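Q: Pasting the sequence and the predicted coordinates here, then a few questions.
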Amino acid sequence: MQSDSSAVRIRKHNAKISPEPTVPGPDTSPVFGVTLERLREDGQLVCGLPHIPSPALTPGVQQRGLFRLSGSVVRTRQLRLMWDRGERMDLVEEDVSNVASLLKLFFRELPSPIIPEPQRKDLVLSLTEKLSSLPVDNHSILSYLLHFLSRVASHSQSNHMPVENLATVFGPCIFQ
């Protein structure tokens, strides 16, 4: 069968931006894929927060699917490269989905998690302790639900429901 160049291409729904090495501009340091400590040392933190595009998301906080629906992979990659090169950008004029994708990419590319492993263990232990103080019926149903959702997530290749999707669906149900 011949390939038709006029055929419509369907964008892969779960396409993700992969890390690419960037060449910082003169007098700039990369923002993506570096530690928070390095961002602080490079003067790229303001009041302890990195120069990330969250203020540009303010007009879009009511947009349906914000953070769930990805922006343009190509445009997000362009924005990332511009950001790492220290180029000035007016993200308020940018499509909100692209800015949301840029923010998620920043967090995803951090070399270490926001909650480091030792603190994560302490957090899980204290959470486990708090959960054990739930009323018996609440504890039982939560335990059942978590075990069931774990089984669902173990089949995410076929049902397309990884832990992240399940958390999106059931988080509001659990916490109302």
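A: Received it, and whenever you're ready, just let me know what you need. Numbering: from 1, shown residues only.

Q: what about whichever strand or helix holds Lys121, average pLDDT?
A: For Lys121, the host element (DSSP states H and E) is helix 117-131. With pLDDT averaged residue by residue, helix 117-131 scores 88.

Q: Would you mind listing the buried residues in the helix or strand just after that helix?
A: Next in sequence after helix 117-131, counting helices and strands by DSSP H and E, comes helix 136-153. Buried residues in helix 136-153, defined by neighbour count with 16 or more other Cβ atoms under 10 Å: 149, 153. In this view, the C-beta of every residue, glycine as well, is placed from N, C-alpha and C.

Q: can you give me the angle helix 136-153 makes with helix 117-131?
A: Counting by axes from the mean of the first three to the mean of the last three Cα atoms, to 10 degrees, helix 136-153 lies at 140 degrees to helix 117-131.

Q: C-terminal to helix 136-153, what's the next element?
A: helix 156-159.

Q: What lies in contact with that following helix?
A: Residues from elsewhere that reach helix 156-159, judged by Cβ atoms under 8 Å, 6 or more residues apart in numbering: 152, 162-163, 165.

Q: is it true that Pro30 touches Leu81?
A: No: with contact defined as Cβ atoms under 8 Å, Pro30 does not count as touching Leu81 (9.8 Å).

Q: Looking at these two, which is more packed in?
A: A count of neighbours by other Cβ atoms under 10 Å puts Pro30 above the other of Pro30 and Leu81, at 22 against 15.
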